[in-house]
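Just the structure for this:
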Amino acid sequence: MLDTVFGLPTHVLVVHAAVVLLPVAALASLLVLRPSLPRPVGLGVIALDALALATAWAARLTGQKFFLRLGRPEVVIEHAGRGSTMVWFVLALLVVTTAYVAARGRGKLTALVAVAVVAVALATGVWAIRTGHSGSAAVWGGVVQNTTSP
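Numbers count the residues shown, from 1 in each chain. Model (predicted):
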C-alpha cells in the first residue's frame, strides 16, 4: 500500500473514508431490522458494511506505515491499538448483518440475530468514535493546548 499520496501520508487521506463510512454502516445495519424493508436494501447494507470493512482495513494498514514513519511515537500508541481493533468490530458488523438478512422471517432465530445486530452496531459506532477521538487528540491536543481562542 502506498505510504504517501501527493506528498501526504496515505493514512490521513484514507481515514476520512473510514470516519464517514463506519458510523453510516452501523446505522444502516440498524435500519435493516425494519421488518418492512425490502430484501434488496438489506443486500445493499451488506455491501456498505463490506465497503466499511475495506476502508477500516486500509486505514489500519496505512496507519501502521504512518506509525513506523513517525518513529513509533508514544502519543499515538492508544490510537494505533484502537485502530487495529476497529477492523474486528466492522467484520463482526458485516457478519451479523449478513446473518440477519439471511435469517429474516425465521422466528426466534431472527430475533436473536437482531439483538446481535443492535449490540454490534452500537459497539462499532462507539469504538469508531473512541478510535477517531484518540487519533484527533494525538494530532491536535498539543496544538489546542498551546494556542488561545480568538
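
May I have the residues that are in contact with the residue lying closest to residue 75 once chain neighbours are set aside?
Nearest residue to residue 75, sequence neighbours excluded (Cβ to Cβ, 6 or more residues apart in numbering): residue 138, at 4.7 Å. Heads up, the C-betas are built off the backbone N, CA and C, glycines and all. Residues near residue 138 by Cβ atoms under 8 Å, 6 or more residues apart in numbering: 73, 75, 76, 78, 79.

buried sites along the helix or strand harbouring residue 138?
Following DSSP states H and E, one finds residue 138 within helix 108-145. Under the neighbour-count criterion of 16 or more other Cβ atoms under 10 Å, helix 108-145 has 110, 113-114, 116-117, 120-121, 124-125, 127-128, 131-132, 134-135, 138 buried.

Roughly how far does the nearest residue to residue 98 once chain neighbours are set aside sit from residue 39?
In space, residue 98 comes closest to residue 46 once its chain neighbours are excluded; the distance is 5.3 Å by Cβ to Cβ, 6+ apart. Note on residue 46: its distance to residue 39, by Cβ to Cβ, to the nearest Å, is 11 Å.

neighbour-wise, which of these two wins?
Between residue 46 and residue 39, residue 46 has the larger neighbour count (other Cβ atoms under 10 Å), namely 20 against 11.

Counting by contacts, list what whichever strand or helix holds the more buried one packs against.
Element membership for residue 46 (DSSP H and E) is helix 39-69. Using 3 or more Cβ pairs under 8 Å, 6 or more residues apart in numbering; DSSP states H and E, the elements in contact with helix 39-69 are strand 8-9, helix 10-31, helix 77-103.

tell me the contacts of the spatially most central residue of the chain?
By Cα atoms, centre = their mean, the mean C-alpha position of the chain lies nearest to residue 22, the distance being 3.7 Å. Applying Cβ under 8 Å, 6+ apart to residue 22 gives the contacts 52, 55, 56, 86, 90, 124, 125, 128.

Can you read off the pLDDT for it?
Residue 22 is assigned 97 on the pLDDT scale.

How about residue 145?
81.

go on, the one 3 residues further on?
Confidence at residue 148, expressed as pLDDT, is 84.

that older thread, show me the two of the buried residues of helix 108-145 that sit farthest apart.
110 and 138 (41.7 Å; Cβ to Cβ).

and the gap between the nearest residue to residue 91 once chain neighbours are set aside and residue 109?
Distance criterion Cβ to Cβ, 6+ apart; nearest residue to residue 91, sequence neighbours excluded, is residue 53 at 5.9 Å. Note on residue 53: its distance to residue 109, by Cβ to Cβ, is 24 Å.
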